[in-house]
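In: Let me see the structure of the following:
(4 chains)
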There are 2 protein chains.
Amino acid sequence: MVIIQIADQALVKKMNQKLILDEILKNSPISRATLSEITGLNKSTVSSQVNTLLEKDFIFEIGAGQSRGGRRPVMLVFNKNAGYSIGIDIGVDYLNGILTDLEGNIILEKTSDLSSSSASEVKEILFALIHGFVTHMPESPYGLVGIGICVPGLVDRHQQIIFMPNLNWNIKDLQFLIESEFNVPVFVENEANAGAYGEKVFGMTKNYENIVYISINVGIGTGLVINNELYKGVQGFSGEMGHMTIDFNGPKCSCGNRGCWELYASEKALLASLSKEEKNISRKEIVERANKNDVEMLNALQNFGFYIGIGLTNILNTFDVEAVILRNHIIESHPIVLNTIKNEVSSRVHSHLDNKCELLPSSLGKNAPALGAVSIAIDSFLSVTPIS
Amino acid sequence: MVIIQIADQALVKKMNQKLILDEILKNSPISRATLSEITGLNKSTVSSQVNTLLEKDFIFEIGAGQSRGGRRPVMLVFNKNAGYSIGIDIGVDYLNGILTDLEGNIILEKTSDLSSSSASEVKEILFALIHGFVTHMPESPYGLVGIGICVPGLVDRHQQIIFMPNLNWNIKDLQFLIESEFNVPVFVENEANAGAYGEKVFGMTKNYENIVYISINVGIGTGLVINNELYKGVQGFSGEMGHMTIDFNGPKCSCGNRGCWELYASEKALLASLSKEEKNISRKEIVERANKNDVEMLNALQNFGFYIGIGLTNILNTFDVEAVILRNHIIESHPIVLNTIKNEVSSRVHSHLDNKCELLPSSLGKNAPALGAVSIAIDSFLSVTPIS
DNA sequence: TTAGTTTGTTTACCCAATAAACTAACTTTA
DNA sequence: TAAAGTTAGTTTATTGGGTAAACAAACTAA
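Out: Numbers count the residues shown, from 1 in each chain, chains lettered A, B, ... in the order given. Below you'll find the predicted structure:
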């Protein structure tokens, strides 16, 4: 027996409901008449769907709007406080958690140190964090609608954590562990994928359909949004572009390959290029020195940008997306790296591909992955719950 | 005013009709009862849809099948001769045209030489070829349903040919030119994209959802099928992976970049690696010498495979697809290149990604692009026409 | 004051899918 | 060989989405 998606009236209602809810989210506040106009749905269909959404507390009326020469419209807004979502970004040495409303507005935010923690310590800190959020969550019709969690490692299609190279703990079935404790849907995702989705939903690129997200850290992670959806690959392992060879005779990488991009263009590589006494310098200090026009540092950053540009050219040749997002504290804080990247890309990429693709530093910064995790949970809630 | 896809009963009917037609195509001959079972649609719904398809000549009944302990079923088959489609692969120095039925079975095939032809000559040959096919096409309810054409160059979202580096002619609006002459829908596509789609629809990988197709010729072209659909990119220019840098200090490429993959792993590069008197050797001769265990040739082919493997590793790290198809006459004819590629990939790719992705030579061979072009035309016909 | 406009609801209707009852045609069993 | 059981496909009444048209409500402009 094959599982196939058949179409019936329930599907029609669901699709149109999503259409209407999306328009309310995008163009809030909005009237039934305008909704009918922009969706092309009949006025009575919109009225019926709006009534369902009102009953379910997904939207509410905020009273009359401006008249356009006739009866004044009743304005509708999305009920962002119908429920709340939690997003957690588990990094190599930190844990960044946020509590948001259904629009992704951050209500509470908490970061914990996680350096050299064991599995049981991570579990304890994680549980305490979530319990804290749940306690401080305002009253609402739906309460906590879901928890999204991202980790720096390979996550398969069944949300099992397969491999986390830079961590000394590994709870394979994090989803089950947390669902058992909190009894809400839990979604586990790769950090770069979550970041990409965060930028797609809440960032500058929210109106783009195809983006590449590049997270530059100890290594380089990449996430792909194609046709408005996260592309995870068959096994869930897509986007390991940090291990793309840019010099096939280059040095060995821990992944088994040679001359991987992240050996040249990661923060680890940047630090390695600095003089001995600066090897343990923080990101903040790097930016400060660059702002003071420290020549050695500016050169190092130009070199950093040069190597990022090489891999980026490969990505532009491969994907032809609307925008590439670069997630890195230094790039977001000082323009020199991005400028160098742009020069390098311009000199390398074919003239027909250039200029069209925007190269942007992350607008969400370090919250991008947590926000992506949050919106995975919210998306699931909104697509599963409504109807009537 | 925004254009949005709203859902109604017509959409329901269309979706279920496609569902049923696809099952008939896949599991022909099949009964109404079995269709109801595997799709999950009600028996009466299937009967109603089948009647529509019968009236429209898309399917027909071939009489009673085997009984399973009760009344004998009426078996249904797809009417592959309801119409015909033409696919044309315009290469650098050839033109390969096919006439097929709606299942993609080749009925007529014709190849023309095109070396150093001007735009007007190409147009003349092309028109003569299509007129020839139309003349020899059997009688059918729908006649010629569409023409698919692929070219070795950049084709944008509006099917305009933007750039063809290896040709001295360029008819930008090929679609309009041919539609005006033959009055059927015409689809223009990039050669590698068409090949990828051909392998997805008719090749060994027809049941896979995500594949990468690599066409190795004078240069290297790539096509992506993601979630069963051709990914064309925002402008239509995705998949220029031949110009991926595998050595950032490598030689300059005509595209402006350095150390592009196709400088090392194309047939042009293979020929350049041979001794002087062999520089103009044909593909056939290369395979013949390899079959005779010519040491110099075997070494050259191993070297060829080595470089293909390097770029392929990058692709595997990027996409996590079910299969990669290699379209090249030599690879399809002698195993040494593929074996070398597999070794190189195994030694480079991360253990978690290895083994899962199949590495296959093209099963359609030189007809892959033309078949892809054909199926783009057929797909459009089948998705636009039915309903009632 | 009156005519015209815009908003939103109500009513009658259409049509695709469905369940259940039915007819048809076969196999198995007694 | 007749009756019982099984499978295939159709018919009929119903459900429940969306729609058009008529309507009521509430405003603006002349």
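
In: Surely residue A:11 is within a strand?
Out: No - looking at residue A:11 with DSSP: H, G, I helix; E, B strand; the rest coil, it is helix, so not inside a strand.

In: pretty sure it is in contact with residue B:9, am I right?
Out: No - counting by Cβ atoms under 8 Å, residue A:11 does not reach residue B:9; the two are 10.8 Å apart. Heads up, the C-betas are built off the backbone N, CA and C, glycines and all.

In: what packs against the lengthiest helix in chain A?
Out: Ranked by number of residues, the top helix in chain A under DSSP state H is helix A:295-319. Where contact means 3 or more Cβ pairs under 8 Å, 6 or more residues apart in numbering or on different chains; DSSP states H and E, helix A:295-319 is packed against strand A:211-216, strand A:220-226, helix A:262-265, helix A:267-272, helix A:283-291, strand A:323-327, helix A:335-348.

In: what about residue A:26, distance to residue A:38?
Out: According to Cβ to Cβ, to the nearest Å, residue A:26 and residue A:38 sit 10 Å apart.

In: what's residue A:107 sitting at in phi/psi?
Out: Backbone torsions of residue A:107, given as degrees, to the nearest 10, read phi -100, psi -40.

In: tell me, how many neighbours does it end up with?
Out: 15 (other Cβ atoms under 10 Å in any protein chain shown).

In: what sits against it?
Out: Residue A:107 is in contact with A:84, A:98, A:99, A:100, A:101, A:137, A:138, counting by Cβ atoms under 8 Å, 6 or more residues apart in numbering or on different chains.

In: Residue A:337 too?
Out: Shown in contact with residue A:337 (Cβ under 8 Å, 6+ apart): A:301, A:302, A:304, A:305, A:308, A:328, A:330, A:331.

In: one more time with 6 Å
Out: By Cβ atoms under 6 Å, 6 or more residues apart in numbering or on different chains, residue A:337 lies in contact with A:301, A:304, A:305, A:331.

In: and residue A:208, what pLDDT?
Out: Residue-level confidence at residue A:208 comes out at 94, pLDDT.

In: For it, which residues are in contact?
Out: For residue A:208, the contacting residues are A:322, A:323, by Cβ under 6 Å, 6+ apart.

In: would you say it is within a helix?
Out: No - counting by three-state DSSP, residue A:208 falls outside a helix, being coil.

In: For DNA strand C, see how far away it is.
Out: Remark: distance between residue A:208 and DNA strand C (Cβ to the nearest atom of the strand, to the nearest Å) = 30 Å.

In: Tell me how far the residue in the stretch 201-350 of chain A positioned nearest to DNA strand C lies from DNA strand D.
Out: Per Cβ to the nearest atom of the strand, residue A:207 is where the stretch 201-350 of chain A lies closest to DNA strand C, at 24.9 Å. When distance is defined by Cβ to the nearest atom of the strand, residue A:207 is 25 Å away from DNA strand D.

In: who has more neighbours, residue A:11 and residue B:9?
Out: A direct count of neighbours by other Cβ under 10 Å for residue A:11 and residue B:9 places residue A:11 higher, at 16 against 11.

In: Excluding chain neighbours, what is closest to residue A:105?
Out: Of all residues not flanking residue A:105 in the chain, residue A:80 sits nearest, at 6.9 Å (Cβ to Cβ, 6 or more residues apart in numbering or on different chains).

In: okay, now the one you found: neighbour count?
Out: For residue A:80, the count of nearby residues is 18 (other Cβ under 10 Å).

In: okay but it is in contact with residue A:101, surely?
Out: Yes - contact status for residue A:80 versus residue A:101: in contact at 4.4 Å, counting by Cβ atoms under 6 Å.

In: now residue A:189, what's its secondary structure?
Out: On the three-state scheme (three-state DSSP), residue A:189 is labelled strand.

In: Do I have it right that it meets residue A:152?
Out: No - counting by Cβ under 6 Å, residue A:189 sits too far from residue A:152 to count as a contact (11.1 Å).

In: Report the contact partners of residue A:201.
Out: Residues counted as contacts of residue A:201 (Cβ under 6 Å, 6+ apart) are residue A:375.

In: again, only this time at 10 Å
Out: Contact analysis of residue A:201 by Cβ atoms under 10 Å, 6 or more residues apart in numbering or on different chains lists A:104, A:225, A:228, A:364, A:371, A:372, A:374, A:375, A:376, A:378, A:379.

In: give me phi/psi at the closest residue to the first one other than its chain neighbours?
Out: So the one you mean is residue A:104. Once flanking residues are discounted, residue A:104 sits nearest to residue A:202: 5.1 Å by Cβ to Cβ, 6+ apart. When read as degrees, to the nearest 10, the backbone of residue A:202 gives phi -120, psi -10.

In: How about the one 3 residues further on?
Out: Recorded main-chain torsions at residue A:205 are phi -100, psi 20, according to degrees, to the nearest 10.

In: residues touching it, list them.
Out: By Cβ under 10 Å, 6+ apart, residue A:205 lies in contact with A:196, A:199, A:211, A:213, A:225, A:321-325, A:358, A:360, A:362-363.
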